[in-house]
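Peer 1: give me a 3D structure for the following:
(one chain, ligands or ions: 2)
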Amino acid sequence: MSRPILTAEQMRAAEAAAIDAGIAETVLMEQAGRALAEAVRLYAGPRETLILCGPGNNGGDGYVAARFLKNAGYTVRVAALAEPTADAAKWARGQWDGPVESFAAATEAPIIIDCLFGTGLSRGLEPVVAERLLLLVDKALVAVACDLPSGVASDDGTLLSAIGNYDLTVSFGALKPAHRLMPAMSRMGRTVLADIGIDPGADWFEIERPDLPSLDPAGHKYSRGLVHCLAGQMPGAIVLAATAAAKSGAGYVRVSTSLPISGLPSSVVQSGGADLQDERIGCILVGPGLGDVPPVLTLALTAPKPIVIDADGIGLVGDPERLHGHDVILTPHEGEFGKLFGKLEGSKAERALEAARRSQSVVVYKGPDTLVAAPDGRLGFAPPAPAWLATAGTGDVLAGMIAAMRARGLEAFDAACAGVWLHGRAAEAAGPHMIADDLLEAIPSVL
Ligand SMILES: NC(=O)C1=CN([C@@H]2O[C@H](COP(=O)(O)OP(=O)(O)OC[C@H]3O[C@@H](n4cnc5c(N)ncnc54)[C@H](OP(=O)(O)O)[C@@H]3O)[C@@H](O)[C@H]2O)[C@H](O)CC1
Ligand SMILES: [K+]
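Peer 2: Numbers count the residues shown, from 1 in each chain. Ligands and ions are numbered 1, 2, ... in the order given. Purely as a prediction, here's the structure:
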């Protein structure tokens, strides 16, 4: 089951719905605090613990966690930034029978649990607060964030204050966009989601291992999916893309090229012509190494087939509305995204959805935080992928993997999510010294 992702406002609405359904807010808080304490026990082990509590319900979670950890035999200190202002937090504070120090005088501890602010953060932290929090987090053996590291903007992943690096983030009910958007995503450490009895009902979620169609014993190479790649001026890119498609389980990969291309697997067929009316084609791939050759994109768009438009192909689209009526997956990186869609407002999540709506296409908005957006509002957030993917040719490999998933019968949004997820795992398998060619070799191990 994919982990749901909700904005702060959606989270508050889901929490309100749970309360309307008869679950008291203090019960939600008790569940959250208990989950936080349990995650700390499992992850950090029994060490002296300092819990930093803010004035809102994030702080409330902290008072509950303090009680559970103390009952589990921990040496627990609580330091408060201010007295609780939220009702549930006042209740939780009242349930805590230990002393409460002042945050300003709090001294470092092996385990720090940051319960200052969560989804209610509305601005940067006071500089003196940010500074002290940073020091306590940096000095800790294990730094834990309750729901979010304090200073992170929940909905877009920006840092409203300088924050440290956390080892563990424990979220409740649903992940927030900040858990899977840069730069916040890179500070979370391991991100745990605790079920506290809230029904998130989300259109946004974290992409997880795809459920790939099993092979049909009666199948043949065409039924396993034919990927037709259109080569351009730089053949090396299409070699990576076509090979990736073949290694990702497409039954047949064909490359149209005006000049013979070396380096392709012998199983990949090269042809001079480009008969795109061939009804056996499962997906067309255009763009890797294409160069500035608009007619090739125009030709690809004449075929009534699913199509992955990547790299130079994206730069040749011109008006996103040109793609209406076609079955397209776009795979832009930041620069290609800006060139095709211009400057859009809002978080990366909102920009991805706006692009999907404008182009009526599935948009794979690549980056350290890759998103997959569908015109109908579905939005997949990729789990963290290795930084070493930032090397030449890995985008060509991704495009080939997505085209293979599409040709194997996954619908466009699922094919894009599958390709993105498998691409990240293949990079993990290939290891930190990989180049794109090594990524190809790792694909079969993650299918
Ligand atoms: N969503 C759920 O199902 C549950 C969430 N829980 C936890 O609750 C927090 C959200 O709690 P909330 O009270 O809405 O917000 P915070 O605790 O994050 O803090 C908001 C208070 O802090 C003030 N504030 C905001 N920014 C700052 C700042 N930079 N400096 C000082 N004070 C700040 C804010 O007041 P303002 O009027 O000043 O904005 C609030 O007083 C969620 O993250 C979960 O941890 C429930 O416990 C369990 C269910
Ligand atoms: K926090």
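
Peer 1: Ser161 - nearest residue in space that isn't next to it in sequence?
Peer 2: Counting by Cβ to Cβ, 6 or more residues apart in numbering, Gly151 is the residue found nearest to Ser161 once chain neighbours are left out, at 3.7 Å. No exception for glycine: its C-beta is placed from N, CA and C like everyone else's.

Peer 1: same check, this time on Lys348
Peer 2: Distances taken as Cβ to Cβ, 6+ apart put Leu181 closest to Lys348, at 5.7 Å, once the chain neighbours are dropped.

Peer 1: now do the one you found, the pLDDT please.
Peer 2: On pLDDT, Leu181 comes in at 98.

Peer 1: how about the residue in the stretch 251-400 of the chain that ligand 1 sits nearest to, nearest residue that isn't a chain neighbour?
Peer 2: Here the residue of the stretch 251-400 of the chain nearest ligand 1 is Ser347; by Cβ to the nearest ligand atom that distance is 17.7 Å. Once flanking residues are discounted, Ser347 sits nearest to Asp156: 3.4 Å by Cβ to Cβ, 6+ apart.

Peer 1: next up, the contacts around that neighbour.
Peer 2: Contact analysis of Asp156 by Cβ atoms under 8 Å, 6 or more residues apart in numbering lists 177-178, 181, 346-349.

Peer 1: distance of the residue nearest to Ser161 relative to ligand 2?
Peer 2: 9 Å (Cβ to the ion, to the nearest Å).

Peer 1: picking that back up, how far away is the residue nearest to Ser347 from Arg254?
Peer 2: The gap separating Asp156 from Arg254 is 42 Å, by Cβ to Cβ, to the nearest Å.

Peer 1: then Leu175?
Peer 2: 40 Å.

Peer 1: between the two, which one's more packed in?
Peer 2: Between Leu175 and Arg254, counting by other Cβ atoms under 10 Å, Leu175 is the more crowded of the two (27 against 22).

Peer 1: I'd say that one and Leu193 touch.
Peer 2: Yes. Counting by Cβ atoms under 8 Å, Leu175 does reach Leu193; the two are 5.7 Å apart.

Peer 1: so what sits against both of those two?
Peer 2: Common contact partners of Leu175 and Leu193 (Cβ under 8 Å, 6+ apart): Arg3.

Peer 1: near ligand 1, which residues of the stretch 51-200 of the chain show up?
Peer 2: When proximity is defined as Cβ under 6 Å from any ligand atom, the stretch 51-200 of the chain approaches ligand 1 at 54-61, 85-86, 117-126, 146-147, 172-173, 196, 198.

Peer 1: ok, the residue nearest to Lys348 - contacts?
Peer 2: Contacts of Leu181 by Cβ under 8 Å, 6+ apart are 156-157, 347-349, 369, 381.

Peer 1: and the residue nearest to Ser347, that's in a strand?
Peer 2: No. Assigned with DSSP: H, G, I helix; E, B strand; the rest coil, Asp156 falls outside any strand and is coil.

Peer 1: in terms of helices and strands, where is Val170?
Peer 2: Assigned by DSSP states H and E, Val170 belongs to strand 168-172.

Peer 1: run me through the strand neighbours of that strand, direction for each.
Peer 2: strand 142-146 (parallel), strand 190-194 (parallel) (DSSP bridges).

Peer 1: now Arg425: closest residue in space that isn't a chain neighbour?
Peer 2: The shortest distance from Arg425 to any non-neighbouring residue, by Cβ to Cβ, 6+ apart, is to Val446 (4.2 Å).

Peer 1: and the one you found, how close does it get to ligand 1?
Peer 2: Plainly put, Val446 is 34 Å away from ligand 1 if you go by Cβ to the nearest ligand atom, to the nearest Å.

Peer 1: from memory that residue sits against Ala429, does it?
Peer 2: Yes. Assessed by Cβ under 8 Å, Val446 is found in contact with Ala429 at 5.8 Å.

Peer 1: does the residue nearest to Ser161 really touch Arg123, like I thought?
Peer 2: No. Applying Cβ under 8 Å as the test, Gly151 and Arg123 come out as separate, 10.1 Å apart.

Peer 1: doesn't Ile329 fall inside a strand?
Peer 2: Yes. Counting by three-state DSSP, Ile329 falls inside a strand.

Peer 1: tally of neighbours for it?
Peer 2: 27.

Peer 1: cool, and Asp167?
Peer 2: A total of 18 residues lie near Asp167 under the criterion other Cβ under 10 Å.
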